[in-house]
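*Asks:* Just need the structure, nothing else, for what follows:
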Amino acid sequence: MRKLQLIFMAMSMFLIASPAFAQSGASPTANTWVPLAAGIGMGIAAGLCGIGQGNATASATLALSRNPGARPGIFIFLILGLAFIESLALFTFAIIFAKVK
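*Replies:* Numbers count the residues shown, from 1 in each chain. As a prediction, the model looks like this:
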């Protein structure tokens, strides 16, 4: 219990002290790479979501070929999983839209 208390105390000290080291003014060239990084980030997010959706669809197709009677349950979880995967790409887009000026 004592070790856990010391760990949490040390973590809180690091988190409280971190704003003290923040820089007050950024150089004008600091934001020139933001649109490029946003485009690369959206590309990575969209690509990985596409891979995830492909894997989910392939697994659902395999499950349906092995057990056609379980179609309603598989279909519900497939649609739910695809919606969650797609929401990750939409969240990335929303963050990029809010960050890039």
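
*Asks:* And the helix or strand hosting Leu90, what's buried?
*Replies:* In the assignment (DSSP states H and E), Leu90 maps to helix 71-99. The neighbour-count check on helix 71-99 (16 or more other Cβ atoms under 10 Å) flags 74, 78, 81-82, 85, 89, 92, 96 as buried. For every residue, glycine as well, the C-beta is placed using N, CA and C.

*Asks:* Got phi/psi on Asn67?
*Replies:* Here is the backbone geometry of Asn67 (degrees, to the nearest 10): phi -140, psi 80.

*Asks:* in the chain, what spans have low per-residue confidence?
*Replies:* Scanning the chain for pLDDT under 70 picks out 13, 15, 17-30.

*Asks:* so the longest helix seen in it versus helix 71-99, what angle?
*Replies:* Scanning the chain for the helix with the most residues, using DSSP state H, yields helix 34-66. Here the directions of helix 34-66 and helix 71-99 differ by 180 degrees (axes from the mean of the first three to the mean of the last three Cα atoms, to 10 degrees).

*Asks:* helices or strands up against helix 34-66?
*Replies:* helix 71-99 (3 or more Cβ pairs under 8 Å, 6 or more residues apart in numbering; DSSP states H and E).

*Asks:* Which strands or helices does the helix it packs on pack on?
*Replies:* Identification of packing neighbours for helix 71-99 by 3+ Cβ pairs under 8 Å, 6+ apart yields helix 34-66.

*Asks:* distance between the helix it packs on and the chain's centre?
*Replies:* In terms of Cα atoms, centre = their mean, to the nearest Å, the centre of helix 34-66 is found 12 Å from the chain centre.

*Asks:* Only the buried residues of that helix, if you could.
*Replies:* Buried residues in helix 34-66 (16+ other Cβ under 10 Å): 38, 42, 45, 49, 52-53, 56, 60, 63.

*Asks:* Show the contacting residues for the spatially most central residue of the chain.
*Replies:* With distances taken as Cα atoms, centre = their mean, Leu88 lies nearest the centre of the chain, 5.6 Å away. Counting by Cβ atoms under 8 Å, 6 or more residues apart in numbering, Leu88 makes contact with 45, 49.
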